[in-house]
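> task: produce atomic coordinates for the following.
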Amino acid sequence: MAGGTDMQEIIKEGLKVPRDARGRQRLAELVERGEFEALDPAAALPARPRYLVTFMRSVTTAFRIRSATVVTVTNQAPRPNLVTVSYFLGFSSNTTPVGATSFVIPPDFSVDFATRNLPDALTVVNSVPNPELTFDEGRAIVSSRLPQIGVSSRIYYTAGDGDEELLAITDSKVVLFDQGNNGD
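Now for the predicted structure:
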C-alpha cells in the first residue's frame, strides 16, 4: 500500500475501515503521509513479545457450541505500531504458532485480532490468521515494535453454522509476557 495508496484501495483490499468521519479522516491522513503501508511478511516479524493471553479457544466443528478468541489491541504510541498476535496450542512451545496475524495500527486506534472471522453484528474483526483457526485451544502472544499498547481478550461462544446465536462472552486473563501472574 505504500506510495500512492488511497482509501479506495484500502477498502477494495477488504480492510474494515472506521465508520465515523473523524476516524476515516485520521486514517486518510496516515495513508497520504505514507505511514499506513502493506507489510512484507519477512519484515512483519514481531519486535518483542509484550503480553500473554492465557487462554485461547477457536472451534467450529465437532461441537454444537462454537468459539472464537478476539484480542483487542490499542496503539498508545505516537507513531503507527506493527502488532502481531501469534496463537499457540496448549501443549506446545512458543516457537511454532498454529496461526499468526499482523497489523500496523495507527496512533490511538484499536484493532480486533481474532482466531477466525465473526459476524459484524458480534464484533468487527480486523485481522485473522490464514488459515483461520477452527479446532484449536491454547494461548496467544501479543508482540509489537513499540511498547505502548493496551490489550484485552475475550472468547465469543456461539451456535449455528454462521455464528448467528451468541451464547456467552468470557474474558481471558492478559499478563505481561515472561512475568508471573500475581494471582489477581
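> show me where the chain has helices.
7-12, 21-32 (DSSP state H).
> least reliable of the ones you listed by average pLDDT, please.
Here those differ in mean pLDDT, and the lowest is helix 7-12 at a mean of 56.
> any idea how far the nearest residue to Phe177 once chain neighbours are set aside is from Pro119?
Leaving aside its chain neighbours, Phe177 sits nearest to Pro49 (4.2 Å; criterion: Cβ to Cβ, 6 or more residues apart in numbering). The way it works is simple: take the backbone N, C-alpha and C, and place the C-beta from them, glycine included. The gap separating Pro49 from Pro119 is 31 Å, by Cβ to Cβ, to the nearest Å.
> repeat that for Asp171.
Distance, Asp171 to Pro119, by Cβ to Cβ: 20 Å.
> looking at the two, which one has more neighbours?
More neighbours surround Pro119 than the other of Asp171 and Pro119, with 15 against 10 (other Cβ atoms under 10 Å).
> pop out the phi and psi values for the more buried one.
Backbone torsions for Pro119, taken as degrees, to the nearest 10, come to phi -60, psi 140.
> that one - nearest residue in space that isn't next to it in sequence?
Asp163 (5.6 Å).
> who are the contact partners of that neighbour?
Asp163 is in contact with Arg66, Ala68, Leu118, Pro119, Leu122, Tyr156, counting by Cβ atoms under 8 Å, 6 or more residues apart in numbering.
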